[in-house]
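**Q** need a structure here:
(chains A, B, C and D)
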2 protein chains.
Amino acid sequence: MCSDYACPVSEASGSRAERKERTRRAILDATLELCEDAPLAALSLRQVAKQVGIVPTAFYRHFESIEQLGLALVEESFVSLRSMMRALRANATADFANLIDVSIATMVEHVREQEMHYAFIARERFAGPTAVRGAIDTNLVRFVDELATDLARIPVLTPWSTDDLRTLSDLIVTAFVALAERLLATSPGSSAERILTDAARTQVRMLIIGARQWNSSR
Amino acid sequence: MCSDYACPVSEASGSRAERKERTRRAILDATLELCEDAPLAALSLRQVAKQVGIVPTAFYRHFESIEQLGLALVEESFVSLRSMMRALRANATADFANLIDVSIATMVEHVREQEMHYAFIARERFAGPTAVRGAIDTNLVRFVDELATDLARIPVLTPWSTDDLRTLSDLIVTAFVALAERLLATSPGSSAERILTDAARTQVRMLIIGARQWNSSR
DNA sequence: AATTCGGGTGTACATCCGTACACCCAAAGA
DNA sequence: TCTTTGGGTGTACGGATGTACACCCGAATT
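**A** Coordinates of the predicted model:
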């Protein structure tokens, strides 16, 4: 019985596997919501279960601990981040100046669509359980590497060393991570958001100009 | 009585004010240590009291809540950060290339001296209670502004607009914050630390080069 | 048709949590 | 000297927490 509040996973239809998957999703979503107020380490299994609408012990049918739940959320978050990168590559044209605006706009759009995932990553990157921090770091490193190979295809950068490409990629990712973190603190379409994206555009331009000169100046 | 473990605040000497101050310090230090494993929001008042060696209710003689304790730690952390900036300004010479190396070396040194403070800030910046996050943000904004006025005194940058100076300052601070966060994950003097600082040096150089060109290219 | 499987339930318990309350006693103040 | 002050103590409470255990019952398997 659903006790005294709304029970989001009430529907009893579907096969056993379908129902299990639905409950799993409900746990992931409930955790993301609860994580808007407090870090993962401050969540209790009972809070999560209550939010989902299941009894505490039922939690263990899906995850062996809150930490494992966290790892699942990390993987899920980066799946959506990679989908953003795919979208970005699809929209990328040879037009250089436009590329910056398109990148930032795509970024803003995806952060808005996946606010809770981005907030979760930002929050747990340094505050999460060791395993969660490690998983985030691994994914971030992979992301920097992927961007570096993308950058290598840009004409101006083809003569660059692998190390320099990675360093530049790292700088760009750092700036975009900072942008994402700040976007989360502004409301969509607000003037604060506009100021933020304008500043980000300026910053990326500065970086590009620096990169352009880099090769000849070393 | 000091129950069954080491009691760091046992000395009963000094005036009333001195003893109170000593206990307060012990609470701050104990919290910093406990925060190496878990975010502030996951700490209990009882854990802190136990670590200090006082009874739980005695905590309230010094702070009205864990959140207020957090605010005190934020202020303390930024005091040490500002002392780093002062040291940096003192060491700064007109020699431009050298300035970068000196800045990074000073940064590394101070992060090593205050590891727990920096780790605390990194952890609570996004995961802390609302008031703590706000305090960190305010201090960080102030920091960016201070750097911007410093930058304004550099000959190449004097003709820049206030907005552009702030944007550049922001980019630099973001890069240094990222450097500090990563330093915390490496051991002092390790090759990983060396790789990190080398990359940071390259990044700042790229930024400077970009900044140099910026004025003429706008 | 009979059996197994497995997601979900309810009860129970030891432990930890924040905090209210009454108290202690040395330093500070009169 | 007597009184006040204030940091620290110990007990006590209702409530939350993780998890062990026995159970339920419909879907899946045989």
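
**Q** residues in chain A within reach of DNA strand C, list them.
**A** A:1, A:9, A:16, A:19-20, A:23, A:53-58, A:61-62 (CB under 7 Å from any atom of the strand). C-betas here are computed from N, CA, C, even on glycine.

**Q** Buried ones among these?
**A** Buried subset of the residues of chain A next to DNA strand C (neighbour count, 16 or more other CB atoms under 10 Å in any protein chain shown): A:Val9, A:Thr23, A:Gly53, A:Ile54, A:His62.

**Q** Which one of these is nearest to B:Ala92?
**A** A:His62 (56.1 Å; CB to CB).

**Q** ok, now which ones touch the closest one?
**A** By CB atoms under 8 Å, 6 or more residues apart in numbering or on different chains, the contact set of A:His62 is A:Lys20, A:Thr23, A:Arg24, A:Ile27.

**Q** can you check A:Gln114 too?
**A** Taking CB under 8 Å, 6+ apart as the test, what A:Gln114 contacts is A:Ser77, A:Ser80.

**Q** Tell me the confidence at it?
**A** A:Gln114 is assigned 95 on the pLDDT scale.

**Q** That one and A:His62, how far apart?
**A** Separation of A:Gln114 from A:His62 (CB to CB, to the nearest Å) stands at 22 Å.

**Q** and what of A:Arg212?
**A** Counting by CB to CB, the gap from A:Arg212 to A:His62 is 51 Å.

**Q** One more: A:Asp150?
**A** Distance of A:Asp150 to A:His62, computed by CB to CB: 37 Å.

**Q** Up against DNA strand D, what does chain A have?
**A** Within chain A, the positions lying close to DNA strand D (CB under 7 Å from any atom of the strand) are A:Ser15, A:Arg16, A:Ala17, A:Ser44, A:Leu45, A:Arg46, A:Gln47, A:Pro56, A:Thr57, A:Ser65, A:Ile66.

**Q** Would you point out the most distant pair within those residues?
**A** Farthest pair in the residues of chain A next to DNA strand D, by CB to CB: A:Ser15 and A:Ser44, 31.3 Å.

**Q** quick one: which of these two has more around it?
**A** When neighbours are counted by other CB atoms under 10 Å in any protein chain shown, A:Ser15 and A:Ser44 differ, and A:Ser44 comes out ahead with 12 against 8.

**Q** And what about the residue nearest in space to the middle of chain A, helix, strand or coil?
**A** What sits nearest the mean C-alpha location of chain A, by CA atoms, centre = their mean, is A:Tyr118, with 4.0 Å. With DSSP: H, G, I helix; E, B strand; the rest coil as the basis, the three-state label of A:Tyr118 is helix.

**Q** contacting residues for it?
**A** A:Ser77, A:Val111, A:Ala180, A:Glu181, A:Leu183, A:Leu184.

**Q** Just the buried residues out of these, in PyMOL syntax.
**A** To isolate the buried members of the contacts of A:Tyr118 in PyMOL, using 16+ other CB under 10 Å:
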select buried, chain A and resi 77+111+180+181+183+184
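
**Q** Which residue ranges of chain A form helices?
**A** Under the criterion DSSP state H, chain A contains helices at A:16-34, A:45-52, A:66-91, A:96-113, A:115-127, A:130-152, A:162-183, A:191-217.

**Q** Which stretch among the ones you listed is buried most, on average?
**A** helix A:115-127 (a mean of 22; mean count of other CB atoms under 10 Å in any protein chain shown).

**Q** May I have that one as CSV, with CA atoms only?
**A** Extracted in CSV, the C-alpha atoms of helix A:115-127 (Å, rounded to 0.1, in the frame of the first residue of the first chain):
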residue,chain,number,x,y,z
GLU,A,115,20.0,20.4,-14.9
MET,A,116,19.9,17.8,-12.2
HIS,A,117,22.5,15.6,-13.8
TYR,A,118,25.0,18.5,-14.1
ALA,A,119,24.3,19.7,-10.6
PHE,A,120,24.8,16.2,-9.3
ILE,A,121,28.2,16.0,-11.0
ALA,A,122,29.3,19.4,-9.8
ARG,A,123,28.3,18.5,-6.3
GLU,A,124,29.9,15.1,-6.1
ARG,A,125,33.0,15.9,-8.0
PHE,A,126,34.8,16.8,-4.8
ALA,A,127,32.3,16.0,-2.1
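
**Q** can you give me the angle that helix makes with helix A:96-113?
**A** 90 degrees (axes from the mean of the first three to the mean of the last three CA atoms, to 10 degrees).

**Q** What are the structural domain limits within chain A?
**A** With domains defined by automatic domain parsing, chain A comprises A:16-61, A:66-217.

**Q** so which of these comes closest to B:Val144?
**A** Among the domains of chain A, the nearest to B:Val144 by CB to CB is domain A:66-217 (10.9 Å).

**Q** Contacts only, for the closest residue to A:Leu207 other than its chain neighbours.
**A** Among residues not flanking A:Leu207 along the chain, B:Gly210 sits closest, at 5.9 Å (CB to CB, 6 or more residues apart in numbering or on different chains). Taking CB under 8 Å, 6+ apart as the criterion, B:Gly210 is in contact with A:Met206, A:Leu207, A:Ile208, A:Ile209, A:Gly210, A:Ala211, A:Gln213.

**Q** Please name the nearest non-neighbouring residue to the first one.
**A** Nearest-residue entry for A:Met206: B:Gly210, 4.1 Å, with adjacent residues in sequence omitted and distances by CB to CB, 6+ apart.

**Q** Next one: the residue of chain A found nearest chain B from DNA strand C, what distance?
**A** With CB to the nearest CB as the measure, A:Gly210 is the residue of chain A nearest to chain B, at 2.8 Å. Separation of A:Gly210 from DNA strand C (CB to the nearest atom of the strand, to the nearest Å): 48 Å.

**Q** same deal with A:Pro155?
**A** Using CB to the nearest atom of the strand, we find A:Pro155 at a distance of 53 Å from DNA strand C.

**Q** Need the per-residue pLDDT for that residue.
**A** Looking at A:Pro155, its pLDDT is 86.

**Q** same check, this time on A:Ser161
**A** pLDDT, read off for A:Ser161, is 93.

**Q** The residue lying closest to A:Ile100 once chain neighbours are set aside: what's it in contact with?
**A** Nearest residue to A:Ile100, sequence neighbours excluded (CB to CB, 6+ apart): A:Val204, at 5.1 Å. By CB under 8 Å, 6+ apart, the contact set of A:Val204 is A:Ile100, A:Ser103, A:Ile104, A:Ile172, A:Ala175.
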